[in-house]
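Student: Just a sequence and a predicted model for now, questions to come.
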Amino acid sequence: MSSIQQDVIVVGSGLSALLTANYLSEHMNVIIFTKSSKNDNNSFLAQGGVACAIEHTDSWQLHYEDTMAAGCYHNEEDAVELLTKCGPGELQAFIQNGMQFDRDGLGEYSLGMEGAHSKRRILHAGGDQTGKELMEWLQSRLSKKVLMVEHETVIKLHVHNDHCCGVQTYNSNGERTNYFASKVILATGGAGSLYPYTSNNESITGMALSLAYQAGATLTDLEFMQFHPTMLSVDEKAVGLVSEAVRGEGAFLQNVKGLRFMENVHPMKDLAPRDVVSRAIFQELDNGEKVYLNISKVEQFQTRFPAITRLCATNGIDLSTNLIPVVPGAHFYMGGIYTNVDGETSLKGLYAVGEASCNGVHGANRLASNSLLETIVFSKTLADHLLKGSHHEFWHKTSIEKMDRDLLQQRAVPLPSKEEIQHMMMKHAGIVRHEDGLLELKNWLELYLPYFKAINQLTEILPLKEIETIHMLQLCYLITEAALQRKESRGAHFRSDFPIAKESWRQVRILHVQKDGNAMRKEKELDEFNHAARDAASFL
Ligand code: SIN
């Protein structure tokens with residue numbers, strides 16, 4: 001096995017990865033690894049746009065309020081303030097460097113509307129192709145000093161003296177290589193493909209979260225997976241996103257009888273926060289209804305939404321009927337690797353940014369079109385922090401012990417398929433959860449505990465597909481445990497056996513997952529606890 005030394009290793013190929021790498025490359029030697037190709041990421045798929053208070057009737061304070069309310073006040077206030085205050089300046093810098101957002105006939109930005117926003121404030125590009133436009137703009141500006149390695153999967157984080165110091169990769173020839181660096185940045189996106197219905201690229205299964213956990217870093221808010229209300233539904237499958245911006249331009253939801261069921265669900269009706277709309281659709285589907293997005297009131301649909309028009313055409317949907325069949329799908333993970341706003345994790349040398357990280361900015365439910373803004377703002381704060389070289393110790397953790405080799409003998413149960421895992425997650429840890437289902441899921445996942453315990457050794461010998469499956473299962477296990485532990489309904493985490501939590505009450509919980517796979521819970525009132533301890537799932 002060969003080994004190579006770099007200054008910085010970045011894992012991922014989306015906006016967070018490229019932005020951070022670009023900023024750092026002026027002063028550091030940066031290498032990027034992506035497990036598939038440079039365009040296989042969620043950033044490329046982003047339709048809606050970038051939420052940003054740039055209009056004179058808008059303000060960062062209003063954007064802040066909307067973000068907090070959508071997040072059910074589970075958000076970290078400092079992070080939200082940074083996001084909403086710094087967003088406009090960062091976007092101006094993009095625009096000055098040639099990024100073009102759509103404008104109207106008068107040359108003004110044509111700002112879109114999306115769910116739970118009190119103002120039109122979504123900048124978009126190419127109609128509904130904002131992510132693609134941003135990525136192509138950035139790819140064309142990627143510094144020649146950044147080395148990007150495609151089709152090479154990170155399968156392990158190296159930890160030495162409580163410091164993350166590199167990665168092990170697996171390439172398409174099945175070769176393993178060790179790379180060492182003083183800084184490792186995880187920018188791998190979320191975990192939507194743990195579910196069968198998802199807007200995410202199929203490669204996005206949250207493997208980096210499981211790797212970080214395995215290396216001893218703290219994960220947090222794992223119970224909060226956002227389901228986007230409107231994925232195009234064809235033959236019982238979700239085949240692509242139908243942007244919330246479509247509802248922002250006047251489309252509405254109806255069932256097969258023509259009932260506009262959102263009318264009585266929430267004062268913001270079809271533009272209610274995503275968790276509310278997804279649950280209402282789920283309810284309709286559960287009652288045996290079909291749900292459609294009625295686009296009859298959207299002007300110039302095909303011009304404003306060219307990518308969705310193409311998606312519908314490819315899937316045989318006749319837009320002249322004005323009805324697009326929809327189903328909710330896993331879309332954005334609010335949970336992730338616990339970081340502060342500078343992207344520092346609890347493990348020295350390891351950083352996370354974008355959807356893979358959780359600095360608390362989105363709370364229990366992300367406000368629409370805040371994720372590209374998150375990426376833009378926090379890639380910069382991470383890069384600035386690393387370039388300043390002021391690496392304070394954020395939270396000291398010890399690395400995990402080596403597992404007993406005997407555990408390798410315990411691989412009695414064959415690993416399940418990806419589809420089986422997705423099915424179990426959707427059924428029991430999807431839009432509506434209940435203790436009974438979560439326990440059933442937990443029991444099923446516990447069959448694979450021997451694999452989790454031997455994961456370091458297994459990584460050395462198993463083929464990539466099986467390593468990936470074990471990490472999927474391990475993350476599912478942690479999500480299930482977190483969902484069981486949160487005994488309330490809040491934002492994207494809805495438990496049919498618990499009421500929706502009051503805004504003012506926040507349960508602070510640290511979930512210690514012990515090495516034998518059992519979990520124990522500690523609860524404290526918010527006031528008694530500092531921020532570093534909030535809602536964290538940590539490996540002791
Ligand atoms: C959408 O276009 O509806 C997705 C935008 C987002 O998730 O922020």
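Tutor: Received the coordinates, thanks.
Student: Can you read off the pLDDT for the residue of the chain found nearest the ligand?
Tutor: Relative to the ligand, the nearest point of the chain is residue 48 (2.7 Å; Cβ to the nearest ligand atom). All C-beta spots, glycine's among them, are computed from the backbone N, C-alpha and C. pLDDT, residue 48: 82.
Student: ditto for residue 72
Tutor: Looking at residue 72, the pLDDT reads 89.
Student: Which of the three states applies to it?
Tutor: At residue 72 the chain is in coil, as set by DSSP: H, G, I helix; E, B strand; the rest coil.
Student: I'd like the distance from it to residue 360, if you could.
Tutor: Residue 72 sits 12 Å away from residue 360, going by Cβ to Cβ, to the nearest Å.
Student: who's in contact with residue 171?
Tutor: 151, 152, 153, 177 (Cβ atoms under 8 Å, 6 or more residues apart in numbering).
Student: Oops, could you answer that again for residue 250 instead?
Tutor: 297, 298, 299.
Student: Just give the number of residues close to the nearest residue to the last one once chain neighbours are set aside.
Tutor: Spelled out, that is residue 299. Closest residue in space to residue 299, ignoring its immediate chain neighbours: residue 249 at 7.2 Å, by Cβ to Cβ, 6 or more residues apart in numbering. Neighbour count of residue 249, defined by other Cβ atoms under 10 Å: 18.
Student: Go ahead and confirm residue 249 touches residue 303.
Tutor: No: the pair residue 249 and residue 303 does not pass the contact test of Cβ atoms under 8 Å, sitting 11.2 Å apart.
Student: circling back to that earlier point, most neighbours among the contacts of residue 171, please name it.
Tutor: residue 152 (23 neighbours).
Student: quick one, phi/psi of it?
Tutor: When read as degrees, to the nearest 10, the backbone of residue 152 gives phi -130, psi 120.
Student: hang on, it packs against residue 32?
Tutor: No: with contact defined as Cβ under 8 Å, residue 152 does not count as touching residue 32 (9.8 Å).
Student: what does the chain put close to the ligand?
Tutor: 47, 48, 243, 244, 245, 331, 332, 368, 369, 371 (Cβ under 6 Å from any ligand atom).
Student: just checking, the second one touches residue 367?
Tutor: No: using Cβ under 8 Å, residue 48 is not in contact with residue 367, being 10.9 Å away.
Student: The residue lying closest to residue 323 once chain neighbours are set aside and residue 115, how far apart?
Tutor: Once flanking residues are discounted, residue 323 sits nearest to residue 292: 4.2 Å by Cβ to Cβ, 6+ apart. Residue 292 sits 18 Å away from residue 115, going by Cβ to Cβ.
Student: out of these two, which sits in the more crowded spot?
Tutor: Higher neighbour count among residue 292 and residue 115: residue 115, with 27 against 21, using other Cβ under 10 Å.
Student: ok, which stretches of the stretch 401-540 of the chain are strands?
Tutor: 508-513, 519-524, 536-539 (DSSP state E, counting those that start in this stretch).
Student: In the stretch 251-400 of the chain, mark out all the strands, start to finish.
Tutor: Under DSSP E, counting those that start in this stretch, the stretch 251-400 of the chain gives strands at 252-255, 291-294, 323-333, 336-338, 350-352, 357-358.
Student: how about low-confidence regions in the stretch 301-450 of the chain?
Tutor: Residues of the stretch 301-450 of the chain meeting the criterion pLDDT under 70: 390-412.
Student: mind redoing it with 90?
Tutor: For the stretch 301-450 of the chain, the stretches flagged by pLDDT under 90 are 346, 389-413.
Student: go on, the stretch 1-150 of the chain?
Tutor: In the stretch 1-150 of the chain (pLDDT under 90), the answer is 1-6, 36-48, 72-74.
Student: Can you tell me the closest non-neighbouring residue to residue 364?
Tutor: According to Cβ to Cβ, 6+ apart, the nearest residue to residue 364 is residue 491 (2.6 Å).
Student: Identify all contacting residues around the helix or strand hosting residue 214.
Tutor: For residue 214, the host element (DSSP states H and E) is helix 207-215. Helix 207-215 has contacts (Cβ under 8 Å, 6+ apart) with 11-12, 35, 153-157, 159, 164, 186, 188, 191, 219, 336-337, 345, 347, 350, 352, 356, 399-400, 455-456, 468, 471-472, 474-475, 478, 539.
Student: and it with strand 323-333, angle?
Tutor: 20 degrees (axes from the mean of the first three to the mean of the last three Cα atoms, to 10 degrees).
Student: just how off-centre is helix 207-215 within its chain?
Tutor: 15 Å (Cα atoms, centre = their mean, to the nearest Å).
Student: May I see the buried residues of it?
Tutor: Buried residues in helix 207-215, counted by 16 or more other Cβ atoms under 10 Å: 207, 208, 209, 210, 211, 212, 213, 214, 215.
Student: swap in stretch 111-118?
Tutor: Neighbour-count burial for stretch 111-118 [16+ other Cβ under 10 Å]: 111, 112, 113, 114, 115, 116, 117.
Student: Centre of the chain to stretch 48-66, how far?
Tutor: Using Cα atoms, centre = their mean, the offset of stretch 48-66 from its chain centre is 21 Å.
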